[in-house]
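Student: Take a look and give me a structure for this.
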Amino acid sequence: MVLLWQVEDMMLLDVNPRLNLSTFVNTWIEPEAEELMQKAASYNLADAVQYASAAEMEKRCINFLAHLWHAPDDNFVGTGAVGSSEACYLGGLALKKRWQAARRAAGKPADRPNIVVSHIAQVCWQKLCSYFDVEPHYVDVTEDCLGESRAAEKGKGVGGRQGACLLRPACHPSPQERGLEVPLHVDAANAGLVAPLCRPDVLFDFRLRHVASINVSGHKYGLVYCGCAFIVWRNREFLPRDMVFTVAYLGKEEENLTINFSRPGAQTSAQYYNFIRLGQEGYRRTFDNFFRIYNALRDKVERMGCFQILSTGDMPVLAFRLKPLEGGNKRPYNEYDIMMGLGEHRWMVPAYTMAPAASDMHLLRVCLRVGFDLEMADMLAHHLEQVISKLEKHTSPAVPSPGQAYVEEQSQRAKEFKRRAGPC
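Tutor: Just a heads-up that it's a prediction; the model follows:
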């Protein structure tokens, strides 16, 4: 018991997960789903023979997603993953291996694969390039874009929409119109469930013939706890055979298609429960409620007069920044000061810097999830007003604010890192 108290004491100062608005990761599930997770806590999805029910649940989840994303036929293939990072690695590796095989078959060099991603893509894409020797080509996002998908016009495949955190395959003209066949992997970690149910006019899925694979995080808007994601390939020809392994030391020969061998079965059981409990209509109503809260919070923030809304409303995520003052004058505080001020009220609303081409631009982001209701939105807006009032009274242009000092410190660290790293 004493050791239990000791561990609990270590956790006392942690942020309340419901007040941590920095992340899309879900922090509440129904008690029945929690009960299922407890029962499946010892299940290892790598052992599909012994835990056949969990393996079947995973297959049904993949089937649900493939049809939601308009797979053209039943020849699709997919797998679960511990997160969208793993799913993106699998999608990226499949693209790389197919490209290398095609190059070798044509008698061409296959030693410099590259991928085009937005500068606002998740860090897992940088990791993919570093870990698996892929050359990255980045699509710049500048301040005049303000998160819009105009940046996609410069790329060959995937453009990012920052405010909505929605990846859209977009290119003008398309690679096919230029005589190129460039398959795309769509990282729909956040929007893979929201977009087809609430924004069906957004084309990102297998309705676009050049989309080869799509991933989504179950532990985000799939509404389960952390540790659940899925990837689906359009059909089996897009999954290289040498990515699928056969193991025979768990009682029977089994195929394995993941980077992590052992994977928890608990999250998959909760995801399957949610899919059959809510269905498409239940998820749609849940997401519609998020959008109602988003609209209410956006209106409250906009009425304060000092913020510019950057979000486009495609996702229940509110991104905003301080408006520049008239005459080019700078405020004596910045978004990082607001983040710190909200932290005094126990909220975690992150401030961060935009992509390199817009690195002078900072913003704040609120990710709406289950457990954040209209009353909490009112409290957050009220505390935000209090923080602004305090900063207006107690900051001065003559003295750098803590947030401004932090930005300068980070800038100096970045310069020192580049100096030590030397030329690329």
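Student: Packing partners of the longest helix along the chain?
Tutor: Secondary structure assigned by DSSP state H gives helix 266-303 as the longest helix of the chain. Under the contact criterion of 3 or more C-beta pairs under 8 Å, 6 or more residues apart in numbering; DSSP states H and E, helix 266-303 touches helix 31-39, helix 52-68, helix 194-198, strand 307-309, strand 317-322, helix 374-394. For the C-beta atoms, the positions are set from N, CA and C on the backbone; glycine is no exception.
Student: Can you spell out which helices and strands pack onto the third one?
Tutor: Put plainly, it is helix 194-198. helix 266-303.
Student: Only the buried residues of the helix it packs on, if you could.
Tutor: Counting neighbours by 16 or more other C-beta atoms under 10 Å, one finds that the buried residues in helix 266-303 are 266-275, 283-284, 286-287, 290-291, 293-294, 297-298, 300-301.
Student: thinking again about what came up before, I'd like the helices and strands packed on helix 266-303 laid out as TSV, including mean neighbour count and distance to Asp140.
Tutor: Shown next, in TSV, are those (neighbours: other C-beta atoms under 10 Å; distance: least, C-beta to C-beta, whole Å):
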stretch	mean neighbour count	distance to Asp140
helix 31-39	15	42
helix 52-68	19	32
helix 194-198	23	24
strand 307-309	17	21
strand 317-322	23	18
helix 374-394	15	31
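Student: any chance of those in a markdown table, plus distance to Arg346?
Tutor: Below are those laid out as a markdown table (distance: least, C-beta to C-beta, whole Å):
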| stretch | distance to Arg346 |
| --- | --- |
| helix 31-39 | 24 |
| helix 52-68 | 35 |
| helix 194-198 | 27 |
| strand 307-309 | 21 |
| strand 317-322 | 19 |
| helix 374-394 | 9 |
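Student: Which of those sits closest to Val366?
Tutor: strand 317-322 (4.3 Å; C-beta to C-beta).
Student: Relative to that closest one, what are the paired strands and their orientations?
Tutor: Using DSSP bridges, the strands paired with strand 317-322 are strand 307-309 (antiparallel), strand 362-367 (antiparallel).
Student: which outside residues touch it?
Tutor: 24, 147, 162-165, 190, 294, 297-298, 301, 306-311, 331, 334-335, 338, 361-368 (C-beta atoms under 8 Å, 6 or more residues apart in numbering).
Student: so Val370 touches Asn26, yeah?
Tutor: Yes - contact status for Val370 versus Asn26: in contact at 6.3 Å, counting by C-beta atoms under 8 Å.
Student: For the stretch 1-150 of the chain, just list every one of the strands.
Tutor: Taking DSSP state E, counting those that start in this stretch, the strands of the stretch 1-150 of the chain run over residues 77-81, 114-118, 135-139.
Student: what comes up buried for the last one?
Tutor: For strand 135-139, a neighbour-count test (16+ other C-beta under 10 Å) marks 138-139 as buried.
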